[in-house]
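*Asks:* Turn this into a structure:
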Amino acid sequence: MKTLLVEREVAIPEGIEVKVKSCVLTASGERGSLTKNFKHAKMKIMVKDGKVILKKFMSTRRGAAVVRSVSSHISNMFTGLLKGYQYKMRLVYNHFPIQASIEDNGTKVEVRNFVGQKVTKICKLPEGVTCRRSEDVKDELVFEGNSIEDVSQASAQVHQLALVRNKDIRKFLDGIYTSEKGHIIEN
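*Replies:* Here you go, the predicted model:
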């Protein structure tokens, strides 16, 4: 059975400017700008009276679920432009100390001496994400950016670099793990 109209509204916060052209939404604020393509969703997206209005006609249940997903993506974009996103990762090791170095002004992470390996593992971070060392905590990396997808993807890629293979992972707990997720600007 199809639903005639599924409609959802997302309020635009102060200080953010939104433009929509053929389902490509561009939001810009004081922290920068984010662009996201929603053409795959096959819905109407328009800006009216300080709100982003999403409409989908003749949709199945799965199509109606896409409307909520797109509204969540848009609200995450607004949150990122206002507060930013920050993931903190800890270097965990038992015997061989992991050496993580940050190269190219925080856009590349190199991992050395993971479980005694001689191989240097390199991860290039997505555009708009920067990495730095924590000042107060030893062996902690901080990833920051405006897009939650890019920041979490960078965190996941660095985690994938340092995985113990062909050993019992209950015993060999070495790796780089996400310890905290939050915003750059806290309320």
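
*Asks:* now the helices for this protein?
*Replies:* For the chain, the helices defined by DSSP state H cover 61-82, 148-161.

*Asks:* Could you point out which residue ranges in this protein have low pLDDT?
*Replies:* Applying pLDDT under 70 to the chain flags no residue at all.

*Asks:* any chance you could map the strands in it?
*Replies:* Using DSSP state E, the strands assigned to the chain run over residues 3-11, 17-21, 24-29, 32-37, 44-48, 51-59, 85-92, 99-103, 108-112, 121-124, 130-133, 140-145, 175-183.

*Asks:* Just the C-alpha atoms of the fifth one, please, in PDB.
*Replies:* This means strand 44-48. These are the backbone C-alpha positions of strand 44-48, laid out as PDB (Å, rounded to 0.1, in the frame of the first residue of the first chain):
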ATOM      1  CA  LYS A  44      11.000  17.300  -3.200                       C
ATOM      2  CA  ILE A  45      13.300  19.400  -1.100                       C
ATOM      3  CA  MET A  46      12.600  23.100  -0.700                       C
ATOM      4  CA  VAL A  47      13.400  26.000   1.600                       C
ATOM      5  CA  LYS A  48      10.500  28.000   2.900                       C
END
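
*Asks:* Spit out the contact partners of L25.
*Replies:* If a contact means CB atoms under 8 Å, 6 or more residues apart in numbering, then L25 has V18, K19, T35, K36, F38, I45, V52, I74, M77 as its contacts. No exception for glycine: its C-beta is placed from N, CA and C like everyone else's.

*Asks:* before we move on, back to that, most tightly surrounded among the strands of the chain?
*Replies:* Mean neighbour counts were compared across the strands of the chain using mean count of other CB atoms under 10 Å; the top stretch is strand 140-145, at a mean of 22.
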